[in-house]
Each structure stands twice: as structure tokens, then as C-alpha cells.
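Chemist: Have a look at this prediction, sequence included:
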Amino acid sequence: MRPLITTAGLLLGWELLVRLTGLPVYMLPPPSTVAVVMIERFGLLLTQAMWTASEMVLGLLLGLLLGASLAIGLAASAAWRRWALPVVIVSQAIPVIAIAPLLVVWLGYGMASKVAMAALVIFFPVASTLYDGLRRTDPGWVDLARTMGASPRALLLQIRLPAALPAFASGARIAAAVAPIGAVIGEWVGASAGLGYLMTQSLARGQTPLAFAALVLLCLLGLALYYATDWVGRRLVPWQPSQGD
Amino acid sequence: MVRGARIAFGERVVADDLTLGFAAGRTTCLLGRSGVGKTSLLRLLAGLLPGTQPSRDVAYMAQSDLLLPWLPVIDNVLLGYRLRGDAAALRTARPRALDLLGQVGLGSRLTDLPQTLSGGMRQRAALARTLCEDRAIVLMDEPFAHLDAVTRLELQDLAARLLAGRTVVLVTHDPLEALRLGHQVRVLSGQPVRAGPPIEPGGPVPRDPAAPEMLALQAGLLAELRAHAR
């Protein structure tokens, strides 16, 4: 209840600020105008939102898959660890935003470059949290499995991997929070559809209220993605006591 | 049988040229204060120290129950068979697992996750898992140390009954536990560690903790443990 009151208060303050100072709408539209635009242009906004949502979800899935594969590979093989780990760490020094134009050149203005962009920002937090989880298996479990004659493969798949699922779930939550950033940056650099594309287009034409409406939808998409991932994550690790409020 | 064992972690020599024999089919309790090297010795026997290989004849039960939180009780008990990935062996072991869970009083909790069990129930499930491995030698590292006094006594009775006939090496810091469960008790002390002469209280295990000769032996062991500087 309290967050709702806070939000309502902030919106009211914003509305009053714009009305009292007489700021032009193209600089800061009042919330009421944004709301009207959201209703009037609902069809357009919905289409663009679906597009961006697809980019975010596909990017998230691809990033989770790549990150998890890398982490499992690193945990499974010492040789792979020696060859790949330094490269992975160095690759994180490359600013992802700087690669965005390149991705557009390679993959085009369509959805693929945005999915790749989102996957790129997601991949590292996922890989590093899961790899950390895989390295921190309770030594007691490892000992027990060894006395039971478990192969390294069985140890990895049946003990270390499930034991690392809580870490993977928190990595996935971080990933869900940053996935929209990847998708939107991709759209800003070069796109033919999506909420980020709509924002750049409407700002260039002085349609600031429409850009704000797109922004509101982006926030909602981000929240939905985060809570959906959180929900799946909790179901993935039912033995973990759920914390938080 | 351990002959001429040497355990060292860097500069710290835990055991040097240590020789210990364990009677087949009997329970030997190794009694010692914390830090004397009991766990290291047991890990050596289990083949868990660097440079050793786990033996096929050994089942290991640690201080904590080590139940996997994502597996129901029955699958935890069958963990060894699941890890070895032999489907036929897993199928044949299942009735054994069910029987053992019944004997430890968990017959109605088969599909529950470990987190829903009390500490005593968890340790009983761990005992069932250890026995389900059906190995000739069972190594136990203070398996009841975390339990309250009454639960500990109950579990000692249960363990003594279920472990009958196996070669058991149990390390503990509790003289009463050693005297209740051990056909033979050896006191470990010193650095590098030495084993005292075998003490054999006689009579069937588990022994009555309140019997006068038990209390006398316990007093003697406590005095001996206190006398040994760490």
C-alpha cells in the first residue's frame, strides 16, 4: 500500500510542477498527458512492447543458456578452465555499448542484433554466479559421494549442479534486471521496431509524451521479466527457504 | 588394520608410524579430545585424504547428516546407487532402503524433503543411507554429536542394533558413547597421535549407561582424557 501512495504523491508533485512552472510539453509532459497518449496510441505501444519483450525474453534465454554452459564447462574441465577463464575475464573489459553498432552491422536492424546484445550483457553475471556456486559445493557432500564411488560426472550432475541452483537463480535474477538494458541499447543504436526505437523516433519529432509512454511500458516490462524470473527461480529451488518480503 | 600410517598437513604431523587393528565384525570406538586427529584418521581409513583412494568396502557417516536438500528421504537413502548410475542395482536396493527406513522409524516420511525432518530424524535417515550401502566396514565420525542427550541415546541404541555384525570404527569425544557402543575402546592422544591400550568393557552393546561399572569406567576415561595435554 505504501509504495502506491508514494508513487501517487510523486505523480501529483510532477503534475503540479509542470502546471505551475508552465514547462513546455516537449520538455516535460505532465503525467496526465502521458496517460492520455498511452490510451490513444495503445495499439502502437502494444505492438512495439511485444517486439521489445520478445527481444528481452529471447536474449535472457540465450544468455542463460550460454552463461550456464560456460560455467558448467569451466567447472567440469581444468584444461578448459586454464584456456577459457582468462579470455572470459578479459572479454568483460570490453564495454558492451561499444559493440552495439558492430552487432547491428553483423546481424542487421532486426531482432537478432538486440537478442545478441541482451545475451551479451546477461551472459557474464550468469556464468560467474553459477561457476561460483559450482565451486562452493559442501565438501562433506563431495566426500560422501567419493566414498560412494561416484564418477566426476555423477558428482557434477547430481550433486554440484543441483547444489549450485540457488546461485544460478540469483544470477538469473540479475540477468532479468539487466536484459532490458541490452535490448534497449540495441534498439537505440539501430532498429526498425521496439520501444527503444519508438523513444528515439518520437523524441526526434518532439513527441515527448509518446517517448514517456514508451518508457513507462519499458519499466513495466522490466518489472514483469524480473518477477517472472524470480518466480521460476523459486520453483527451481523449492528447498531454499524463501527470503525477503 | 592400519600399519605405519603417517598423516601430515604441512608442518603439522597428525600421525606418524601409527598402527591400529580393528576386529572384524566388531565396533571399535576411538575416543579423543577435539583436535587430536580423530577425523583425519577416519578420513585416512575412508580414503578421503589426498593421495588415497576410497575403498569399495567402506561406508562413511559424517558428523552432519549430509542429506541432499533437493532429494526426498528415500532418494537420499539410495544416493550411492543413484550416483553409481546402475539402474538394476538401484531397483534391487529399493526394498532394502524401504526396509531400513521402516526400521529407523521413517517409513511414513519417504517422499518428504529433509528440511521437513527434525535433527534426530535427519540423522536416522543418514544412518539408513549408510547402512543401505551395505558395506562390510562402516566409518562413523561423531555421528550423534549434534543431537540432544535423549535423542543421542535413542540413536545409539538404534545404531548398535542395525550395525551388529559389521566392522565399525566410530570416533567420538564422548566417553559414554564410546563405552555404550564399542566392543573395544581406544583412547587417542598426543601429537603425533598414539592409541592407548584396548579397553574392553565386556557384555553386549549397547550397554546400559547407568550400570555402576560403566560409570566407573567413564570416570576413569574422563580422568585419562583430562590428563593428556593437548
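Modeler: Received the coordinates, thanks.
Chemist: Pretty sure B:Val168 sits against B:Arg26.
Modeler: Yes: at 7.4 Å, B:Val168 counts as touching B:Arg26 under the criterion of C-beta atoms under 8 Å. All C-beta spots, glycine's among them, are computed from the backbone N, C-alpha and C.
Chemist: more crowded one of those two?
Modeler: The residue with more neighbours, out of B:Val168 and B:Arg26, is B:Val168; 25 against 17, by other C-beta atoms under 10 Å in any protein chain shown.
Chemist: Run through the bridge partners of that one.
Modeler: The partner list for B:Val168 in beta bridges (DSSP bridges) reads B:Thr27, B:Val138.
Chemist: how near is it to B:Ala160?
Modeler: Shown here: B:Val168 relative to B:Ala160, a distance of 9 Å by C-beta to C-beta, to the nearest Å.
Chemist: same check, this time on A:Gly171
Modeler: For A:Gly171, the distance to B:Ala160 - C-beta to C-beta - is 47 Å.
Chemist: which bits of chain B sit near chain A?
Modeler: Chain B comes close to chain A at residues B:43, B:46-48, B:54, B:56, B:58-60, B:62, B:64, B:66, B:68-70, B:79-80, B:82-85, B:113-115, B:133, as judged by C-beta under 8 Å from any C-beta of the partner chain.
Chemist: Return the members of those classed as buried.
Modeler: Using 16 or more other C-beta atoms under 10 Å in any protein chain shown as the burial test, the residues of chain B next to chain A include B:43, B:46-48, B:54, B:58-60, B:62, B:64, B:66, B:68, B:70, B:79-80, B:82-84, B:113-114, B:133 as buried.
Chemist: In the chain, where is pLDDT below threshold?
Modeler: In the absence of a named chain, chain A is used. Applying pLDDT under 70 to chain A picks out residues A:241-245.
Chemist: meant chain B actually
Modeler: Within chain B, the segments meeting pLDDT under 70 span B:1-14, B:17, B:229-230.
Chemist: Is the residue nearest the centre of it in a helix, a strand, or coil?
Modeler: The residue lying closest to the centre of chain B (C-alpha atoms, centre = their mean) is B:Met140, at 1.6 Å. Three-state assignment for B:Met140 (DSSP: H, G, I helix; E, B strand; the rest coil): strand.
Chemist: Which strand or helix spans residue 83?
Modeler: Answering for chain A, as no chain was given. Using DSSP states H and E, A:Trp83 falls within helix A:78-91.
Chemist: Hmm, no, I was thinking of chain B.
Modeler: For B:Leu83, the host element (DSSP H and E) is helix B:79-84.
Chemist: And for the residue of chain A most remote from its centre, nearest residue in space, chain neighbours not counted?
Modeler: Note on chain A: the largest separation between a C-alpha and the mean C-alpha position, by C-alpha atoms, centre = their mean, falls on A:Thr147 (41.5 Å). Distances taken as C-beta to C-beta, 6 or more residues apart in numbering or on different chains place B:Tyr60 nearest to A:Thr147, at 4.1 Å, with adjacent residues excluded.
Chemist: Identify the single longest helix in chain A, thanks.
Modeler: Secondary structure of chain A read by DSSP state H shows that its longest helix is helix A:42-76.
Chemist: Buried residues, that helix. List them.
Modeler: Residues of helix A:42-76 classed as buried by neighbour count (16+ other C-beta under 10 Å): A:45, A:48-49, A:51-64, A:66-68, A:70-72, A:74-76.
Chemist: again, but for stretch A:197-211
Modeler: Buried-residue list, stretch A:197-211, by 16+ other C-beta under 10 Å: A:197-200, A:202, A:207-211.
Chemist: Verify the contact between A:Ala150 and A:Arg160 for me.
Modeler: No: in this structure A:Ala150 lies outside contact range of A:Arg160 using C-beta under 8 Å: 10.5 Å.
Chemist: Just want the most central residue of chain A.
Modeler: By C-alpha atoms, centre = their mean, chain A has its centre lying nearest to A:Ala179, at 2.1 Å.
Chemist: Now name the helix or strand holding that one.
Modeler: Using DSSP H and E, A:Ala179 sits within helix A:161-189.
Chemist: Kindly report the residues of chain A close to chain B.
Modeler: A:138, A:140-141, A:143-151, A:154-155, A:158-159, A:162-163, A:165, A:237-241.
Chemist: what's the closest non-adjacent residue to residue 171?
Modeler: Reading this off chain A. Nearest residue to A:Gly171 in three dimensions, chain neighbours excluded: A:Thr129, at 3.1 Å (C-beta to C-beta, 6+ apart).
Chemist: meant chain B actually
Modeler: Spatial nearest neighbour of B:Val171, excluding adjacent residues (C-beta to C-beta, 6+ apart): B:Lys38 at 3.9 Å.
Chemist: about what we covered before: which SSE is immediately downstream of the helix holding A:Ala179?
Modeler: Per DSSP H and E, the first helix or strand lying C-terminal to helix A:161-189 is helix A:195-204.
Chemist: what helices or strands is that next one leaning on?
Modeler: Counting contacts by 3 or more C-beta pairs under 8 Å, 6 or more residues apart in numbering or on different chains; DSSP states H and E, helix A:195-204 is packed against helix A:42-76, helix A:161-189, helix A:208-236.
Chemist: Let's see that helix as PDB, backbone CA atoms only.
Modeler: Listed next in PDB are the C-alpha coordinates belonging to helix A:195-204 (Å, rounded to 0.1, in the frame of the first residue of the first chain):
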ATOM      1  CA  LEU A 195      10.000   0.600 -27.500                       C
ATOM      2  CA  GLY A 196      13.600   1.900 -27.600                       C
ATOM      3  CA  TYR A 197      13.200   2.600 -31.300                       C
ATOM      4  CA  LEU A 198       9.800   4.300 -30.600                       C
ATOM      5  CA  MET A 199      11.500   6.500 -28.000                       C
ATOM      6  CA  THR A 200      14.300   7.800 -30.300                       C
ATOM      7  CA  GLN A 201      11.800   8.300 -33.100                       C
ATOM      8  CA  SER A 202       9.300  10.300 -31.000                       C
ATOM      9  CA  LEU A 203      11.900  12.400 -29.300                       C
ATOM     10  CA  ALA A 204      13.300  13.400 -32.700                       C
END
